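K.L.:
Test case, fold it:
(chains A and B)
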Protein chains: 2
Amino acid sequence: MKAIQNITLLGSGNVATQLGKALQKKGITILQVFSRNPENATQLAHQIGAMAISNLQDLDPGADLYLICIKDDSIGELAGQFPFKDRLIAHTSGSIPMDVLSNNEHYGIFYPLQTFTKDQSVDFLSIPFCIEANSPENEEKLMHLAGLLSEHVTKISSEQRKAIHLAAVFACNFSNNMYAIAEDILTQNGMSLDLLKPLIRETADKISTASPQAVQTGPAKRGDLEIMKNHLQMLADSKEYQDIYRIISDNILKQN
Amino acid sequence: MKAIQNITLLGSGNVATQLGKALQKKGITILQVFSRNPENATQLAHQIGAMAISNLQDLDPGADLYLICIKDDSIGELAGQFPFKDRLIAHTSGSIPMDVLSNNEHYGIFYPLQTFTKDQSVDFLSIPFCIEANSPENEEKLMHLAGLLSEHVTKISSEQRKAIHLAAVFACNFSNNMYAIAEDILTQNGMSLDLLKPLIRETADKISTASPQAVQTGPAKRGDLEIMKNHLQMLADSKEYQDIYRIISDNILKQN
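P.N.:
Numbers count the residues shown, from 1 in each chain, chains lettered A, B, ... in the order given. Modelled structure (predicted):
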């Protein structure tokens, strides 16, 4: 296997910025940065010693990897316009199937499992990278590249990537909705979510060393039916909150 | 108001240990540590320059505050056996009503909103303290004491304390159950929750500066019915998970 040594970034947003900077620090050359918006391309290219382009016809064919770092719903279109067929191309999305890249000979997924914010530098070392490719050799190349950045590089299948996405909906999107309901209850009673922030952080930290099922606490875990009845009465104004309270409590009770 | 200068702790567990050490550092004298188990009493007393007692008859009447730091379901019993009537007594629980202390002249709540673990020193500065008392003077005393430790001291009513508890069930207990479901989905697909831990931490961190409703993401937030249908199909083996997925997604959809 010839290791990836130079890369062209397709995209200039948060993911492109963070990955570009981190890879450059590890000795990877960033050849070009492509963005439809010339200013965005120039701004990022300038930071990482690359050439800015805003037209796909200007793509240099000499990159070892073309890394797509753009919004999920634009990946398919960009992939369709990619001018080469025999170059390695990969995208960085958790939810877009790999086969949107399948009109190329060499393709794969290079998916860092974290959300990135602008201007906030990321420590990739602890961020899991999920790798998938259309051939063992391409997989090895992408695994090796991810291994320059992170200690947690995992080979996953498209099926597994779907399961990760579903699990993330529960662990992240739905948790956040639980925070929103808590905030609603507190503000209705003249208080702020600030009161619970240390506890929320502790709840998320606790599972870094223990299984969530092992550290489950609360009225449902204790089987405290009296408190649960009181809580449902307090939620009498909102059938939605009552339903959520009941159905998650039932799920916790079942684990006892 | 005469500020509280010396305290007797009733209890020798995590809360008593953490509060005792932190208050002593702030110049408060810990007179006595009471525990039915003489060894536990001695161990904590030794660390904070107090006298250990294991019999309520040995309580020194000279403390400015008797602080109950024991398990919720034992507070009522201990309060009933407290030998003085005209001393300030308070408990540290979020869910026990204040009136379990009402056979005393002076009583209140001194409730730090965090879970404490053994041997792990706590930075109280950012931990919210919720204070309630049977008179403005007692309230002021407890507020002042909490203010020695924390920048976030709040006066709350018993009604508000109930609402905090309910909100914490959503924000902490139910979030943790969402982590447990995510772990179940991942292990069923041959993966570990480790993959999602950085994202979980980020989700909890994000609300330190923004309202959860403002940072809600995911298929339901985007109204992506296609993905939601796929997810429900992937959950076909578990009616519970389907119900939870559906009902929380509905709640998120409604906020759009």
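K.L.:
And the strands in chain A, which stretches?
P.N.:
Residue ranges of the strands in chain A, as given by DSSP state E, are A:6-10, A:29-34, A:51-53, A:65-68, A:88-91, A:106-112, A:129-133, A:153-155.
K.L.:
could I get the ones you listed as a markdown table with distance to chain B and mean neighbour count?
P.N.:
Using the backbone N, CA and C atoms, a C-beta is placed for each residue, glycine as well. Converted to a markdown table, these look like this (distance: least, C-beta to the nearest C-beta, whole Å; neighbours: other C-beta atoms under 10 Å in any protein chain shown):
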| stretch | distance to chain B | mean neighbour count |
| --- | --- | --- |
| strand A:6-10 | 22 | 24 |
| strand A:29-34 | 24 | 23 |
| strand A:51-53 | 30 | 18 |
| strand A:65-68 | 20 | 26 |
| strand A:88-91 | 17 | 26 |
| strand A:106-112 | 9 | 24 |
| strand A:129-133 | 7 | 23 |
| strand A:153-155 | 7 | 17 |
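K.L.:
Buried residues of the longest helix along chain A, list them for me.
P.N.:
Determined from DSSP state H, the single longest helix within chain A is helix A:239-255. Buried residues in helix A:239-255, defined by neighbour count with 16 or more other C-beta atoms under 10 Å in any protein chain shown: A:241-246, A:248-249, A:251-252.
K.L.:
ditto for stretch A:171-185
P.N.:
For stretch A:171-185, burial by neighbour count (16+ other C-beta under 10 Å) applies to A:171-185.
K.L.:
mean confidence score for it?
P.N.:
Per-residue confidence for stretch A:171-185 averages out to 98 on the pLDDT scale.
K.L.:
Tabulate the CA atom coordinates of that stretch in CSV.
P.N.:
Coordinates of each C-alpha in stretch A:171-185 appear next as CSV, following Å, rounded to 0.1, in the frame of the first residue of the first chain:
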residue,chain,number,x,y,z
ALA,A,171,-28.1,9.3,22.8
CYS,A,172,-27.8,12.8,21.4
ASN,A,173,-31.0,14.1,19.7
PHE,A,174,-33.4,12.6,22.2
SER,A,175,-31.2,13.4,25.3
ASN,A,176,-31.3,17.0,24.1
ASN,A,177,-35.1,16.9,23.9
MET,A,178,-35.1,15.6,27.6
TYR,A,179,-33.0,18.7,28.4
ALA,A,180,-35.6,20.9,26.6
ILE,A,181,-38.5,19.4,28.6
ALA,A,182,-36.5,20.0,31.8
GLU,A,183,-36.0,23.6,30.8
ASP,A,184,-39.7,24.0,30.1
ILE,A,185,-40.6,22.6,33.5
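K.L.:
before we move on, the earlier item: nearest to A:N189 among the strands of chain A would be which one?
P.N.:
Proximity to A:N189, assessed across the strands of chain A by C-beta to C-beta, is greatest for strand A:106-112 (40.0 Å).
K.L.:
just checking, what packs against that closest one?
P.N.:
Based on contacts counted as 3 or more C-beta pairs under 8 Å, 6 or more residues apart in numbering or on different chains; DSSP states H and E, the elements that strand A:106-112 packs against are strand A:88-91, strand A:129-133, helix A:136-149.
K.L.:
now the ones you listed as TSV including mean pLDDT?
P.N.:
Shown next, in TSV, are the helices and strands packed on strand A:106-112 (pLDDT from 0 to 100):
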stretch	mean pLDDT
strand A:88-91	98
strand A:129-133	97
helix A:136-149	98
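K.L.:
can those go into TSV with extra columns for distance to B:D64?
P.N.:
Conversion of the helices and strands packed on strand A:106-112 to TSV gives the following (distance: least, C-beta to C-beta, whole Å):
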stretch	distance to B:D64
strand A:88-91	65
strand A:129-133	57
helix A:136-149	57
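K.L.:
per-residue pLDDT, A:V122?
P.N.:
Here the pLDDT value assigned to A:V122 is 81.
K.L.:
how about A:D194, what does it touch?
P.N.:
A:D194 makes contact with B:128, B:152, according to C-beta atoms under 8 Å, 6 or more residues apart in numbering or on different chains.
K.L.:
run the last query once more with 10 Å
P.N.:
A:D194 makes contact with A:183, A:186, B:113, B:126, B:128, B:152, B:154, B:207-208 under the criterion C-beta atoms under 10 Å, 6 or more residues apart in numbering or on different chains.
K.L.:
So which of these are in helices?
P.N.:
If you go by DSSP H, the contacts of A:D194 have A:183, A:186 in helices.
K.L.:
out of the contacts of A:D194, which are buried?
P.N.:
Buried positions within these, assessed by neighbour count (16+ other C-beta under 10 Å), are A:183, A:186, B:113, B:128, B:152, B:154, B:207.
K.L.:
any idea which of these is closest to A:I7?
P.N.:
Lowest distance from A:I7 to the buried ones among the contacts of A:D194 (C-beta to C-beta) belongs to B:I207, with 34.6 Å.
K.L.:
Chain neighbours aside, what residue packs nearest to A:R87?
P.N.:
Computed as C-beta to C-beta, 6 or more residues apart in numbering or on different chains, the closest residue to A:R87 that is not its neighbour in sequence is A:Y66, at 6.0 Å.
K.L.:
what does A:L196 give?
P.N.:
Closest residue to A:L196 apart from its sequence neighbours, by C-beta to C-beta, 6+ apart: B:A171 at 5.1 Å.
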